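>>> Give me a model of this one.
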Amino acid sequence: MRHSLNRHSLPLLANHRRRWAFTLVELLVVIAIIGTLVGLLLPAVQSAREAARSNTCKNNLKQLALAMQTRETSLKKYPGYINMVGIKGTNNLARASWVVSMFPYIEQVQLFEQFNTGILPDVLPQIEVLVCPSNPPAIEGAPNLSYMANSGFRYAWDRGENTNNKRLSWENPADGVFTDQTRVNAMPSFFSGSADRRDNPTSAPVQSMTTAYIQSKGDGTTKTLMFSESLAALYYTYASADDYQNTPDANFHFGFTWVQAATVGFDNKLRVNGSKAIPIYTEFSEMSDMVDSTAPTSTIPTTTEEQPRPGIASSFHPGGVNATFVGSQVSFITDQVDPVVFAQLMTSNRKQSELEFATPPNGSDYEDDDPDPADGTY
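Residues are numbered from 1 along each chain as shown. This next block holds a predicted model:
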C-alpha cells in the first residue's frame, strides 16, 4: 500500500525532527558536565606526569650511584667534589668536579679525555642523566646539573686550622663522603687566583673516602647519603674561564651540605626543600657570594628570601627530594625530616663528625639524645 505525504502530515514530521535537537539549556548542561570531568581528571593527569618525571629522576640517581660504585671498585676511593685531572708533574692539569671524574663510567669517555689534556673543552654539552625532568634547564644545551654529591658540613669550606681540635681542622671526612682533592700549590701558576685556605702548604693532607671505611668504621652504606637533588646546582663543572682559573673551591659548588639544627632554627631556608628559588647566578663566584663562611649564631643570615640557598637539598617534587645512598638504593627524603636525622644520614661516621660537638638549643649533646636513624625512618 502506498503512502504519500500531504500538507496535513508535514507539521507532524517537522515536530518529529525537532525532538532530536538540543536546546540551549541542554547544551550548556553538557558543557558544564564535560568541564567538571576535565577538572576532576586534570589533577590525576598532572600527578601521573609528575610520577613519571620522579621515576626518571630516581633512575638517573640510580645510574649515577652505580657508576660511582664501579669507579670506587676500580680506583679504591671516591673522588672529591673537586679534583685534579690531567698529567701530574706537568702544566697539563685541570680542576674538575666529581661529575667529570665519572665520565668514563657514564659513557662520556671522549669528553673525559678532553679534560685529561689539562685544558677546559670549548663546549660543555648537556648530559641527560644529570638533569631531572622536573628541573629542566633554562638554557637548552647548557651543561646543567640537577644532582649534587654529599660534601658534608656546610661551613667547612673556608676555615683554617683548629689547634684545639684537629678533627675540626679544615675538612673532616667523617662529615660527608666527598672532599676537596685539589691543592692549588700543586697546580700550574695560572690557577693561583683560585687558592683557598686549604691550599696552605702546612695544611692537612688531601683526604678521600672509601666504601671500606664507611662499612667498617662508619655508619654503613645503607645509612650514608651519596647524591641528592638540588635546585641551586649550576653546572656540572667549572664552565667559564674565570671560574675555571680563579674561583676558590667550595663544597656547595658541586655538593649538597648539612647544617646544625640550631642554624636551621635561625634560617629555615637551610632545611631540605627550604629554598626553592630559581638560581639567579650564572657564575660560581656569584654563588659563593651568597654563602657566609661561618655559621650564623645569633642572627638570621643576610641572604634575602628571594635568593636560592646553594648547597641545600631541594627539588620541585612535592614533599621532598629524591636521593641515593652509598649502597645505591634510592629513597625519597621528606622535607619534614628532622635536621639532626638528615645530618646523621649525610655523615659517613656520625660519632667522629662535627655533629657530635654541636650544641643544640636545649644545651645537650646530639649524640646522647638521638640514636642512629634506622632504615625507613626519614
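>>> Can you name the residues that contact M226?
Taking Cβ atoms under 8 Å, 6 or more residues apart in numbering, we find M226 in contact with A65, M68, A149, N150, V177, A323, T324, F325, V326. Quick note: C-beta positions are derived from backbone N, CA and C, even for glycine.
>>> run the last query once more with 6 Å
Taking Cβ atoms under 6 Å, 6 or more residues apart in numbering, we find M226 in contact with A65, N150, V177, T324, F325, V326.
>>> can you check S315 too?
Applying Cβ under 6 Å, 6+ apart, the residues near S315 are E229, V321.
>>> Quick check on it: phi, psi?
phi -160, psi 170 (degrees, to the nearest 10).
>>> Now tabulate the contacts of M226 in TSV and tack on neighbour count and secondary structure.
Formatted as TSV, those follow (neighbours: other Cβ atoms under 10 Å; DSSP: H, G, I helix; E, B strand; the rest coil):
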residue	neighbour count	secondary structure
A65	20	helix
N150	30	strand
V177	30	coil
T324	24	strand
F325	22	strand
V326	27	coil
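>>> Now flag whichever of those residues is closest to M187.
V177 (23.6 Å; Cβ to Cβ).
>>> all strands of the chain, in order?
Secondary structure of the chain (DSSP state E): strands at 82-86, 93-97, 147-153, 225-229, 255-258, 320-325, 330-334.
>>> Could you list every helix and strand in contact with the third one?
Using 3 or more Cβ pairs under 6 Å, 6 or more residues apart in numbering; DSSP states H and E as the contact criterion, the elements in contact with strand 147-153 are strand 225-229, strand 255-258.
>>> and these, which is most packed in?
strand 255-258 (a mean of 30; mean count of other Cβ atoms under 10 Å).
>>> And that one, what does it pack against?
Counting by 3+ Cβ pairs under 6 Å, 6+ apart, the packing neighbours recorded for strand 255-258 are strand 147-153.
>>> Contacts made by the strand it packs on with the rest, please.
Here strand 147-153 has contacts from 81, 98, 175-178, 225-227, 230, 233, 251, 255-257, 346, 354, using Cβ under 6 Å, 6+ apart.
>>> what do you get for stretch 120-129?
With contacts defined as Cβ under 6 Å, 6+ apart, stretch 120-129 is touched by N60, Q63, I106, Q114, G141, P143, A239, Y244.
>>> OK, contacts around N172?
E354.
>>> 7 Å instead, please
N172 sits next to A156, S353, E354 when contact means Cβ atoms under 7 Å, 6 or more residues apart in numbering.
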